[in-house]
Structures are given as structure tokens and as C-alpha cells.
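Chemist: please work out how this folds:
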Amino acid sequence: MNFFEALGIEPIRLTLSSEELEKTYYALSMKRHPDHNNGSVQSTAEAAVLNQAYNSLKNPWRRGLYYLQLNGVGVSGAGLPNALANLFFQVQDAESSDAVIALKNQLEERKNELDRSLLDLFKRIDQDSGHLEVLRDLVVENKYISSMLDTLDSRL
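Modeler: Got it, this is the predicted structure:
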């Protein structure tokens, strides 16, 4: 059983809203919580799966990554996208707070663009699952941007 099925979301929909996901999670969580089931081992295991499913799907980027994994598309060996190589070196070399802030603003703007692209892509994937390579590229780019933003945050 995958995380979408565990939460009763069938067919799989990447465009699932945060509100819908949260509502579904809390309703199932109340039914399967060990305190409501005499502490049964089965309800404890089911509650753990629900928590893991919810935590994996509530963030759109993690949801995209999980969807890729379900479809056998890995991202572990993916290198730095060429479009980010220059920014990566600028992040590594940034010393002044002005340079750090400027780079952080640039990366946050790119991350916002990626967020919009991801949501648009989710709509297309829900209609036709043939866009997995594009999803993979977006997830990988987000991974690197998030890492660079963490590096810059640590310098402020």
C-alpha cells in the first residue's frame, strides 16, 4: 500500500490541496488512533503509517519526490543542473552580507518560480503521467536551491 492509498486518496492526485490532505489525515487519524482502539498493536501500526504518509505528502516537493519513487524514477544520482552551476559557485564564494542577501533573494525568486511550475506540472501529471522527467528535473533543482539557501542562511 502506498501513502496515497493509506490516506484513501485514490486515484493518486498530486494536485491534492493542503486542506483536503489535512482533513483526510485527521479524520483517519481519529479513527485509527491507538487511544480510540484500546491500544491495539494494529491501530498503533496504522497510526504510524498515517503519520508517515501525511508527513511525506503535505509538502508539495516531497509529494513530487514520493510520486517519482512510486514510478521508479530516482533522483539520487542527479547532479547539479547546469543552470545553477554559476549560482552554486557564487554561494560558495559569497563573503559580504550584501552578497549573501542578494544571492538569497535571487534563489528565493527562483524557488518561487519552481513552486509555480511544480503546481502547474501536478495538474498535467494528474491528467497524463507522461511528465516524470520534467518532475524529476524540478525536484532536483529544488533540492539544490534549498541546500544553497540553507548555506546562505547559516551566514546571516
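Chemist: need the single longest helix in this structure, by residues.
Modeler: Counting by DSSP state H, the longest helix found in the chain is helix 97-127.
Chemist: can you tell me the SS state at the residue of the chain most remote from its centre?
Modeler: Relative to the C-alpha centroid of the chain, counting by C-alpha atoms, centre = their mean, Asn38 is the outermost residue, at 34.3 Å. Following DSSP: H, G, I helix; E, B strand; the rest coil, we place Asn38 in the coil state.
Chemist: how about Ser129?
Modeler: Ser129 ends up coil, using three-state DSSP.
Chemist: which stretches of this protein have low pLDDT?
Modeler: The model of the chain has pLDDT under 70 over residues 37.
Chemist: care to break it down by domain?
Modeler: According to automatic domain parsing, the chain comprises the domains 3-58, 82-155.
Chemist: need those in JSON lines (columns: distance to Gly72).
Modeler: In short, each C-beta sits where N, CA and C put it, glycine included. Formatted as JSON lines, these follow (distance: least, C-beta to C-beta, whole Å):
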{"stretch": "domain 3-58", "distance to Gly72": "14"}
{"stretch": "domain 82-155", "distance to Gly72": "9"}
